[in-house]
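A.B. asks: just coords:
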């Protein structure tokens with residue numbers, strides 16, 4: 001059995017993924033609170049965003065008024081935000097020995113812009129082969145749930161908060177089903193890195209599954 005110090009050296013970058021309404025953002029925040037209680041030094045961040053520049057790009061790519069944005073433009077905007085995020089926030093935190101928790105990362109680009117938008121996966125991989133974008137998570141938790149149920153949950157959340165739906169929440173159910181299929185395809189191909197979490201049930205029930213999946217690293 002690994003001692004805590006040995007386990008900590010193996011896990012520095014953990015990402016949370018899932019379709020709109022999968023509950024990943026709630027879950028990553030709950031995990032962060034647990035880590036805080038246990039005294040685990042960590043950084044909680046998100047994509048697109050995580051930096052002042054990334055937050056500005058986030059407003060552009062998610063704004064519902066930008067429905068005319070091409071898939072290629074969308075891809076490159078996400079890549080630009082990610083490059084800044086990695087250089088300014090993620091790599092420095094990892095070098096400091098901190099655990100980084102990130103709400104979405106490169107897998108989201110593969111699922112949304114690749115499987116969802118139909119851009120060639122080879123193009124996405126070639127783009128992320130650039131040194132500035134080549135960072136890979138040590139572990140990824142994928143929150144899986146039926147696309148129709150997740151989309152209804154996301155739209156209800158927005159209405160409750162009196163917020164506009166993002167461009168992605170305005171997409172068709174077929175789009176979100178393609179994204180979910182893309183995520184599950186990634187999970188099948190990278191079983192050592194991606195852990196599929198059943199996202200059905202209460203937040204507390206799902207958090208129990210999350211803790212069971214990461215307990216040995218805490």
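C.D. replies: That came in fine, so what should we check first? Note that the structure is predicted; figures quoted are calculated from it, not measured.
A.B. asks: any regions of this structure where pLDDT drops low?
C.D. replies: For the chain, the stretches flagged by pLDDT under 70 are 1-10, 158-165, 216-218.
A.B. asks: show me where it has strands.
C.D. replies: For the chain, applying DSSP state E gives strands covering 13-18, 42-46, 99-103, 139-144, 194-198.
A.B. asks: can you put the ones you listed in JSON lines and add mean neighbour count?
C.D. replies: No exception for glycine: its C-beta is placed from N, CA and C like everyone else's. As requested, these are exported to JSON lines (neighbours: other Cβ atoms under 10 Å):
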{"stretch": "strand 13-18", "mean neighbour count": "25"}
{"stretch": "strand 42-46", "mean neighbour count": "18"}
{"stretch": "strand 99-103", "mean neighbour count": "22"}
{"stretch": "strand 139-144", "mean neighbour count": "22"}
{"stretch": "strand 194-198", "mean neighbour count": "18"}
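A.B. asks: mind putting the ones you listed into a markdown table with distance to residue 89?
C.D. replies: Listed next are the strands of the chain as a markdown table, based on distance: least, Cβ to Cβ, whole Å:
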| stretch | distance to residue 89 |
| --- | --- |
| strand 13-18 | 11 |
| strand 42-46 | 6 |
| strand 99-103 | 8 |
| strand 139-144 | 18 |
| strand 194-198 | 23 |
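A.B. asks: of all these, which one is nearest residue 154?
C.D. replies: Shortest distance between residue 154 and the strands of the chain, using Cβ to Cβ, is found for strand 13-18: 10.7 Å.
A.B. asks: how many residues are close by residue 39?
C.D. replies: 6 (other Cβ atoms under 10 Å).
A.B. asks: one more: the one 10 residues further on?
C.D. replies: Neighbour count for residue 49, taken as other Cβ under 10 Å: 22.
A.B. asks: same check on residue 53?
C.D. replies: Count around residue 53 with other Cβ under 10 Å applied: 16.
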